[in-house]
Structure formats: C-alpha cells, structure tokens
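Asks: Would you be able to build a 3D model of this:
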Amino acid sequence: MILKQKLFFFFTLFFFFVRAAYSQDTENLLPLKTVLVQIEEQHNVKFSYLNEDVSPIKIVPPESKKNLAEKISYIKKETGLSFKQAGNYISIYKPVSEEFICGYVLDENQAPIQDALIKYLNGGQEEITDSNGYFKIIRNNNDYLEISHASYNSITFTAKSFKDDCRNIILQIVFTTTLPEIVADRYLTTGISKKKDGSFVIEPKKFGILPGLIEPDVLQTMQQLPGISSVDETVSNINVRGGTHDQNLFLWNGIRLFQTGHFFGLISGFNPNLPHQIKIFKNGTSAFYGESVSSVVDISSRSKDIDESSFGIGSNMINIDFYSVLKLSEKSGLELSARRSFTDFIELPSYSKYSKRIFQNTVVTELNNSNDVNYKSDKEFYFYDFTGQYRLKTSDKSELFIDFIGIKNNLDFTQGTITQTQVVVTSSSLNQLTLGGSATWKSQWNDTNHGEVTLYSSYYHVNGNNEALLNNQVVEQENNILDTGLRLSNSTILKPELTLNTGYQFNELGIKNTDRVNSPDFYKDTKNVLRTHAAIAEAEYNPEDQNFYAKAGLRANYFTGLSTFLLEPRLQFNYTINNRWKLEALGEIKSQATSQIAEVQQDFLGIEKRRWIMANGEDIPIQKSRQISAGVYYKNDSWQVSLENFYKKVRGITTPEQGFQNQLEFTNLTGNYRVFGTEFLVQKQFHGFYAWFSYTWNNNKYDFKDFDPSKFPNNLEVKHSINCAATYEWKKLKFALGAKWHTGRPETIPVSNDPVYITPGYPEISYSSPNSSNIENFFEVNFSTMYSLEVKNTGTLQMGVSILNLLNRRNILNRYYRINNDTDLIEVVNTYSVERVPNAMIRLKF
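Replies: All right, here's what the predicted structure looks like:
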C-alpha cells in the first residue's frame, strides 16, 4: 500500500513538471520567420525562402550564444528544412522528391534573379523563378535544362546532373555590347528571332518546325524569311533582295566560305545539329563585316559556356551524321561533328529525285537530248563534311577557341557507246573541296574593356574533268582560292549606355583559274592576289529604358593591289513607341572585290557553272552597294505584324557575273542594278497553332549603258512572292504545312522560231528585248512532322518525315533557247524543279 502511494506521488509530480516544462516551451515558441529575422540581424546574412515553406512553422529560438552554423543545424533538425549557403545568402527549401528538380538562380553577387526562364531544350514544361530566385520543375533526365534571362548569359545543364538537393546556379551578366532585347522572340517558328540591330537570329537547338524541313538547315531556313529566296531552289544560289549568291558573305566561326552546299546546291554544307547561333543581316550590317554587297550569314558553333558532355547520331534518306560534345574539364571542351552521304552505296527515293533535278540538262544526262545515259550504273556521287572546335579557358577572363571545317563533293561518271568498230568508254569527274581553320582568343581586359584576336585561313578547290565520248577531247578546269586574314577588335564601355567598338582587319586573297584542252591544244592559267586593310570604328547607344537603340559605324577599306580607298558607313536605328509598336531604320554602304562568273554555261560539266574571280580595276571593277530600309513592327500577345520598305543599288556588276543565256551571254559589259520593294509579314498564335503569311514585292532592273536597251528587268526579278504556313505543336508532336507561290522569273524569247544567218553557215538566234517575258508562275506545297520520344536511361529519340512538293507540281525554274546541232533549228530548254521528294529522319540524343 505504501509502495502504491509512493508511485502515485512520483507520477503526479512527474506529470506536473513535464506539463509545466511543456507549457513553458509552448509559451516560448516563435514563428520561424521571426527567428530568421533575428539571425539575419545577429550574423549579417540574408535568408531566401518560399512563404508557404516557412510561415506555418513555429520553433523555440536557438540560444543566442551559438554560432551561425550551430543555429542552422538546430533549425534544420527541428523543422526538417534544407539549407543552401552561398556567401551571405542562405536558401531555405523543403526537400524535393526524385521526381522534381529545384534550384536557386543567383547573380555573380549571390543576389536572387527573379523571372529567369527555366525550360527543357526539347520542349515541355517551363517555369519562372520567383523573387527568391527559386524554381521547381518536373525531372526529365534525358533532356537539357536551359536557364536564361534577358540581362544574363544563358546556361545549360543536363537534367540528370541535378541531385536531390536544390543547387545554386550563378548567371553572369551580359556584356554591354550584347543586345538582349528581341524585337520578335518567335519569328515564324521557335528558334528564330529578330534583334534590335535588324538581324535575324536562328538557334538550331531551339528550332521548332517549318514546312518541308525536319532538321534546322540554316540555308533552307533563311529562305523562309521575307526578301530571301532562291530562283533555282538551291542553297548555292540564294538571292537576298535581288542580289546574286556571291554577293552574300558566309562565315563559319570567323572563316569565310566560298562553298555552301552539298549535292551542288540542294543540301546545305553545314551540319544542322551543331551550330549554336546564326545571325543573318539583310541590311544595316555591322562595320566589322566586309566583302559583300548583299547579305551576311554569320554561323557560330560556340556556346556561351563549356557544355556538359553529350552525343547525337542520326540519319535521313540521304546521309548519316553524328556530333559529340566532350567536356574535358571545367576549363576545356571539344566539339566534333561529321556527316557523310550513302548515295554511292544505295539509292533511296530522295536521292533519285535530287539526282534528276540537279543533273538535268548537263553532260551527265547528255546535253543534246537530255536523256539519261546509263544513269543508274555509271554515275557515282557522294559528299561529306566535318567540323571541330577546341575551347580552353586560359583564365577567369580569357578563353581560346580553335576551329576547323571541311566540305567535300565528289562526282564520277562514265559514258559508253558502241561504234561500228569499237566500244568507247569515257570517264569524267567533278570535285569540290573546302577546308578552313581559325584560332580566336577573347579576353576581358578590365571592367570596361574586352577584346578579341582571330587568325583564320580558308581554302576552296573545284576541279572538273570532262572526257568527250566520240572525239577524245579532254577538258579540265580548276578554280582555287586561298583566303587568310587577321582580325582585331576591342569594345570599350564609355558610359553605361554607350559603347565604342574598334578594330583592324587584314586579308590576303589569292584566286587561280586554270583551263586545259588537249584538242585543240589550249592552256590558260591566271592567278591574282589582293591584300586589303580595314579600320573599323562603331558606336553603340543602348540606354537602360531600351526605348531607343542606335548603332553607327564606319569601315575604311584600302585595297593595296588596286590602290583604292573606300569609306563605308553603316547605321542601325530602333525606336520603341510603346509595348506594341516599334520603328526601325537601317542603312549601309558596302563593297566587295570578289565575284563569280559563268564564262560558259557548260563550265565544270554544266553542274557547277560559276567560278570565282577578282576585281582588276579595269573590266572587272570593285562592286559597291548602297541600301536603306525602314520598317514598322507591331506585336501583342498573339499577333505579330511587320512592314518594311527597302531600296538598294549595286554598281560595278558585269554581264558574265549575271549568268545571261540570251544575246548578252558572250558580252562583257559593266553596269549596275537597282531594286526597291516591300516585305510584309503577319503572324498569329493560338492554342498551339502558329500561322503566318508573308508577301514580298520588288522591282529589280539592270542598267547597262553600252547596250540598247540599257534598262531591262533583272534575271533574278521575282516581282510577287507569297509564303504561308501553319504549324501545330502538341507536347512532343509537331506538324507543319505550307505553300510557296511566286511569279515566274524573266526570260528572253526569240523573235522567230527560225534562226538567222548573219554569217553564212552559222545559225544564230534573233532575240527580242532582254527579259521582256516571264516563265510560268511557281507554286509548291510542303509538309513535315516531327515527334520526340524520351528513351528511359538513354536520351531522346527524334523522328521526322517531310515531303517537298507535296502535290508533285512540275514547276519550271528556268528557260533558255539554243540551236540544235543536228537540225540547226531553235529548241527550248526547260529546267524543272524537284519532283515530290519524301524524306525521313531518325536521331538519338544522349
């Protein structure tokens, strides 16, 4: 009994003290937010967190005498929250499950960045960081996660590199010379945008879908932009606002390229999966670009940072390719890509249709009757290309790039016939080769200066060997170019809104042309070398409010071999009226000393008709251009409308450069052309659908004063052009259907169906006024679809199907007239567009 009383007394006393102690702790509980404020004041730190994670929690404050680490450890134990410290900033978050990725996006001072965009490169979920820089997104370990903000350099991670905890991600602020604001952030499709300086930017890794394309082919993609087309549907004859292909400047990582296509123009010469950014200027070109009187296409495969290792391999019905990104260390990386056709092993429908298009009316298909000769068994064609880039961060403020590229086309074909006495077999060939390399060193000298030094070299070679079938005549032609140069540039921030860019460029260009004939014996070899010095100064005004942007530059060129000095001013102006309306004005004066000519239409087997030559200051002058344009742009949540008018005049052109196939074909006259026109685009977005309609009108006329009539339509005049398309994107599935229509290009028709005999025994064609008629209008419908599939623990599988010329319309691209050697009568020769071409693609990325 006494024992029971003692136990009762003990438990009563214990309960009383425990309850008193518990009541005392309950009274001392404080909201966690209050405790954190106290710790911030005591230890001079800053906590960032989500209110919903912290507000419901109350704890007994840690003892004030404890240090910061002990207090954090105590709170972590009491609440189960996780802590992440970066300098004086400490992030607090609830642990996330393995199904999610979380992080805090901070600047270089460890301050949170709000409204940073978090998204997967292959599409899907997107998130925005909150005021604490925090984000949480569903995990997809087979994709890349991009973190971007208009004021900071973007950064990309593999999703699987994120572990269980929330990591801190540091974004570096962009240099003042970078133009962050985009006039139109989705121009036609995802991955195409328009910048303040008037340029268009294509980012292949963000590329959506366009009709007829299943890969982000830059040279095909740029033809979707208003004012850019190809009169013969090739990437080796791109016409920008009425200009010829050689009047465009093509750069790859600072290397000038004189060959841009495979399959003699039907396929781009650049691997579509490796470039990170392509800039296209139709007007208002920066003063740092020379040697072009038309557009500039600047291709860069350099990412903003050293990417995580990745690999991709794919194939379509023409070629197989791969690319590889290797992160060698935190300060170095290597990128490689290669592509090769398998057309010399197997002929799929795409290759057959392309062959029929590119080899029509050439020696390969027997020019006199345009019929195939042993077409399938005696012709062998293949191409390949490769690129590489090594990147090394030599310090925190400088880095080195080493780049190289190679492009190769090879065609061999045989012809045979049986005469009364023997079997005759001949072999002919056509080869194209481009090799290029560059080394670039970039450095941030101090807070207000950064510079760049580039050494580059580019080599181009084309060789045609034609062995005649019956008379044993062998014609061999070569065109060789060696281009080397040095570029220096520096940017100085004079004020927060004003930057001065200066530079110097030296270029040495050598061009060699060789012709050999065995019967009759003939040999011709010409070689020219031109050295050019250029000094550049460019001021860029870009205030913080971003309502007004202007860039004015001056390029001073001195051509040593020609003793010629030229000044070239450039101007870009952009004014934002309000959040919907913008105005733009662009202007430039440019020049170029190299061009392509077509001396004879059957040069290089009639497939590659053009060869590069150099200005000599006499019958081949330096070409000079002047261009101005003005545009207005409107944008709201779902509509984009643009209207731009332009005027361009190019002086110093010659008739061989224009590729005439009429009475001017064998003349050598100097003149000019002027073109003015309007480009209109309207674009609409609604519920996953994207649709656009563009219309281009231009008036393009030659002026050759020594010819009568002196003024007549340009060979490249396409007066009216319409391009429309609709795309639909649903999760990982994309569709695109579009149509192109334009008026037929000019042609010169004979006055009579019968030839004239000015010289007895030699029939000639009597032509009407040059380009006074037009061939039939062009119309084409294209389709494409793509689907992305996430392969568990492997990567992403992409599949696509495209159909060019869906309706199989027989469009005429060109028409000319000639005398039939057998009948001495005039016959018409039509060049037709490609027939319906199916293509399919499969690609694995991991």
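Asks: residue contacts, the closest residue to residue 779 other than its chain neighbours?
Replies: Residue nearest to residue 779 in three dimensions, not counting chain neighbours: residue 741, with 4.8 Å by CB to CB, 6 or more residues apart in numbering. All C-beta atoms are positioned from the backbone trio N, CA, C, and that covers glycine. With contacts defined as CB atoms under 8 Å, 6 or more residues apart in numbering, the neighbours of residue 741 are 721, 722, 723, 777, 778, 779, 780.
Asks: Most widely separated two among the residues you listed?
Replies: 723 and 777 (14.0 Å; CB to CB).
Asks: Can I get stretch 99-110 in CSV, CA atoms only?
Replies: The C-alpha trace of stretch 99-110 is given here as CSV (Å, rounded to 0.1, in the frame of the first residue of the first chain):
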residue,chain,number,x,y,z
GLU,A,99,10.6,13.4,-59.5
PHE,A,100,11.5,17.1,-59.3
ILE,A,101,14.5,19.4,-59.9
CYS,A,102,14.8,22.6,-57.8
GLY,A,103,17.3,25.4,-57.6
TYR,A,104,18.1,29.0,-56.8
VAL,A,105,19.2,31.3,-59.7
LEU,A,106,21.6,33.9,-58.4
ASP,A,107,23.8,36.6,-60.0
GLU,A,108,27.6,37.0,-59.5
ASN,A,109,27.0,38.8,-56.2
GLN,A,110,24.8,35.9,-55.0
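Asks: before we move on, back to that, residue 723 and residue 777: which has the busier surroundings?
Replies: Higher neighbour count among residue 723 and residue 777: residue 723, with 22 against 12, using other CB atoms under 10 Å.
Asks: Now the spatially closest residue to the more buried one that is not a sequence neighbour: which helix or strand?
Replies: Nearest residue to residue 723, sequence neighbours excluded (CB to CB, 6+ apart): residue 694, at 4.7 Å. Using DSSP states H and E, residue 694 maps to strand 689-703.
Asks: And the strands in the stretch 701-846 of the chain?
Replies: For the stretch 701-846 of the chain, strands defined by DSSP state E, counting those that start in this stretch occupy the ranges 711-713, 720-730, 733-742, 746-747, 756-759, 762-764, 773-774, 778-791, 795-804, 812-819, 826-832, 837-845.
Asks: Nearest to residue 495, out of the ones you listed?
Replies: With respect to residue 495, and counting by CB to CB, the nearest of those is strand 720-730 at 42.4 Å.
Asks: Which of the contacts of residue 741 are buried, as a PyMOL select command?
Replies: Those of these that count as buried under 16 or more other CB atoms under 10 Å are selected in PyMOL with:
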select buried, resi 721+723+778+780
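Asks: related to what we said a few turns ago, so how far is residue 623 from the residue nearest to residue 723?
Replies: Distance of residue 694 to residue 623, computed by CB to CB, to the nearest Å: 28 Å.
Asks: Who has more neighbours out of the two?
Replies: Using other CB under 10 Å as the criterion, residue 694 and residue 623 rank with residue 623 on top: 27 against 21.
Asks: which residues does that one contact?
Replies: Applying CB under 8 Å, 6+ apart, the residues near residue 623 are 247, 293, 591, 592, 593, 595, 615, 650, 651, 652, 653.
Asks: OK, contacts around the residue nearest in space to the middle of the chain?
Replies: The C-alpha lying nearest the average C-alpha coordinate of the chain belongs to residue 278 (CA atoms, centre = their mean; 3.1 Å). By CB under 8 Å, 6+ apart, the contact set of residue 278 is 201, 202, 203, 204, 218, 222, 297, 298, 299, 300.
Asks: What helix or strand is it located in?
Replies: Residue 278 belongs to strand 277-281 when elements are defined using DSSP H and E.
Asks: Any chance you could give me that strand in PDB, C-alpha atoms only?
Replies: Extracted as PDB, the C-alpha positions of strand 277-281 are listed here (Å, rounded to 0.1, in the frame of the first residue of the first chain):
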ATOM      1  CA  GLN A 277      23.600  30.600 -83.300                       C
ATOM      2  CA  ILE A 278      23.300  32.000 -86.900                       C
ATOM      3  CA  LYS A 279      23.000  35.700 -87.500                       C
ATOM      4  CA  ILE A 280      21.600  37.000 -90.800                       C
ATOM      5  CA  PHE A 281      21.800  40.600 -91.900                       C
END
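Asks: list the buried ones in the longest strand along the chain?
Replies: Using DSSP state E, we find that the single longest strand of the chain is strand 423-446. Of all the residues in strand 423-446, those buried under the rule 16+ other CB under 10 Å are 426, 428-434, 436-444.
Asks: As PDB, could you dump the C-alpha coordinates of the helix or strand following that strand?
Replies: Note on strand 423-446: by DSSP H and E, the next helix or strand toward the C-terminus is strand 449-467. Extracted in PDB, the C-alpha atoms of strand 449-467 (Å, rounded to 0.1, in the frame of the first residue of the first chain):
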ATOM      1  CA  ASN A 449      37.200  46.700 -72.000                       C
ATOM      2  CA  HIS A 450      37.100  43.400 -73.700                       C
ATOM      3  CA  GLY A 451      38.800  42.300 -76.900                       C
ATOM      4  CA  GLU A 452      39.200  39.600 -79.500                       C
ATOM      5  CA  VAL A 453      42.000  38.400 -81.800                       C
ATOM      6  CA  THR A 454      41.300  36.000 -84.700                       C
ATOM      7  CA  LEU A 455      43.600  34.300 -87.200                       C
ATOM      8  CA  TYR A 456      41.900  32.300 -90.000                       C
ATOM      9  CA  SER A 457      42.500  30.600 -93.300                       C
ATOM     10  CA  SER A 458      40.100  29.200 -95.900                       C
ATOM     11  CA  TYR A 459      40.900  27.100 -99.000                       C
ATOM     12  CA  TYR A 460      38.500  26.300-101.800                       C
ATOM     13  CA  HIS A 461      39.100  24.000-104.800                       C
ATOM     14  CA  VAL A 462      36.800  22.900-107.600                       C
ATOM     15  CA  ASN A 463      38.000  20.700-110.400                       C
ATOM     16  CA  GLY A 464      36.100  19.400-113.500                       C
ATOM     17  CA  ASN A 465      37.400  16.900-115.900                       C
ATOM     18  CA  ASN A 466      35.300  16.200-119.000                       C
ATOM     19  CA  GLU A 467      36.300  13.500-121.500                       C
END
